[in-house]
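> Got a predicted model here, sequence first, then my questions.
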Amino acid sequence: MKTALITGASRGIGRAMALVLARQGYDLLLTARSADQLEQVATQARQLGRSAQVLPLDLAGAGASAQLAAWVTAQTQELAVLVNNAGYGLWGRFEELPLAQQQNMLQLNMHLPVELTYALLPLLRRQPKAYILNVASTAAYQAVPTLTLYAASKAFLLSFSRGLRYELRETSVSVTCLSPGATTTDFADRAGMNADLQAVANKVSMTPEQVAEAGIAALLAGEAEVIPGALNKVSAALTSLVPKSLTERIAAGIYEKHLK
């Protein structure tokens, strides 16, 4: 049976993508930190008639990618989809945020997808058709003051996705990058954003289900990039048309002014 691995699958976009893939006929391998929440997603997938296995794991921990890859290989030789979704942001000025927390974020946002893709690519290449979906952000298209390292990590993921896609163009593996904008998840709470800033984001937020449907549709269609939502598409396109200094000033006007 076709199998999909989703990281960060316990909630938000990851959870929604897992259930979309289950409806598309994929058995699931699910990983995140929360065992209880993973089991809830697995139960929903089983109700859709799919197999679902879970591995509770701190994906930013030392050796997590190797442990996860070994578990996946033990579970299946039919891995057809890898969704690198796990990640988070930190809001605040670079010099004021604890360096250890920022390094943890970079490990999860950048190093884990690279390490996991490297480890599982041989398994994916065995399939007649296989897919990799890397979840970036509209922040990948510009610098975002007070989300400086988060935006940089997502820019890395976008570039990694496009480069790898080209390298694999004559293989059975297709690579897609999903870049959502504001979404109704716990991202803002995890990032440490205050209520005022969250209220601004909520005005333009999409649901995880909307983002997941767009992402999986683009993945299975073999698209290079997908930005869900008309406003997000326009915003990302404008970053290539106006001076970088202007987009940075606009972003700072949204995020920086809410810092206490």
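Cool, got the structure.

> ok, the nearest residue to residue 43 once chain neighbours are set aside - contacts?
Spatial nearest neighbour of residue 43, excluding adjacent residues (C-beta to C-beta, 6 or more residues apart in numbering): residue 52 at 7.8 Å. All C-beta spots, glycine's among them, are computed from the backbone N, C-alpha and C. Residue 52 makes contact with 18, 22, 27-30, 41-43, 45-46 under the criterion C-beta atoms under 8 Å, 6 or more residues apart in numbering.

> From residue 194, how far off is residue 211?
According to C-beta to C-beta, to the nearest Å, residue 211 and residue 194 sit 24 Å apart.

> the more surrounded of those two?
residue 211 (27 against 12; other C-beta atoms under 10 Å).

> Model confidence at the more buried one, what's the number?
Here, the pLDDT recorded for residue 211 equals 97.

> Likewise for the one 4 residues further on?
Taken from the predicted model, the pLDDT recorded for residue 215 is 98.

> Tell me which of the contacts of residue 52 fall in helices.
18, 22, 41-43, 45-46 (DSSP state H).

> Generate a PyMOL selection restricted to the buried subset of the residues you listed.
A single PyMOL command selects the buried members of the ones in helices among the contacts of residue 52 (16 or more other C-beta atoms under 10 Å):
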select buried, resi 18+22+41+42+45
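
> Rebuild the ones in helices among the contacts of residue 52 as TSV, extending it with distance to residue 163 and pLDDT.
Listed next are the ones in helices among the contacts of residue 52 as TSV, based on distance: C-beta to C-beta, whole Å; pLDDT from 0 to 100:
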residue	distance to residue 163	pLDDT
18	27	98
22	30	98
41	31	98
42	34	98
43	38	98
45	32	98
46	37	98
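
> ok, the ones in helices among the contacts of residue 52 vs residue 141, which is closest?
Residue 141 lies nearest to residue 18 out of the ones in helices among the contacts of residue 52, by C-beta to C-beta, at 26.5 Å.

> wait, isn't residue 104 in contact with residue 61?
No. Residue 104 is beyond contact range of residue 61, at 9.3 Å (criterion: C-beta atoms under 8 Å).

> Lowest-scoring secondary structure element of the chain by mean pLDDT?
Scoring the helices and strands of the chain by mean pLDDT, DSSP states H and E places helix 195-202 at the bottom, with a mean of 74.

> what comes up buried for the helix or strand just after that helix?
In the C-terminal direction, the helix or strand that comes right after helix 195-202 (DSSP states H and E) is helix 208-221. Neighbour-count burial for helix 208-221, counted by 16+ other C-beta under 10 Å, picks out 208-216, 218-220.

> rewinding a little: could you export the contacts of residue 52 as CSV, including distance to residue 166?
Shown next, in CSV, are these (distance: C-beta to C-beta, whole Å):
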residue, distance to residue 166
18, 28
22, 30
27, 30
28, 29
29, 27
30, 30
41, 33
42, 35
43, 39
45, 33
46, 38
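
> ok, of those, which one's closest to residue 67?
residue 29 (13.0 Å).

> my guess is the closest one contacts residue 50, does it?
No. If you go by C-beta under 8 Å, residue 29 and residue 50 don't touch, sitting 11.1 Å apart.

> where in the stretch 51-200 of the chain is pLDDT low?
Scanning the stretch 51-200 of the chain for pLDDT under 70 picks out nothing.

> Going by residue numbers, what spans are strands in it?
52-56, 79-84, 130-135, 173-178 (DSSP state E, counting those that start in this stretch).

> what are the pairing partners of the third one, and which direction each?
Looking at strand 130-135 with DSSP bridges, its partner strands are strand 79-84 (parallel), strand 173-178 (parallel).

> How about the first one?
Here strand 52-56 has these sheet partners by DSSP bridges: strand 27-32 (parallel).

> State the number of residues packed around residue 136.
When neighbours are counted by other C-beta under 10 Å, residue 136 comes out with 27.

> How about the contacts made by the closest residue to residue 113 other than its chain neighbours?
Spatial nearest neighbour of residue 113, chain neighbours left out: residue 84 (3.8 Å); criterion: C-beta to C-beta, 6+ apart. Residue 84 makes contact with 7, 112-113, 116-117, 132-135, 157, according to C-beta under 8 Å, 6+ apart.
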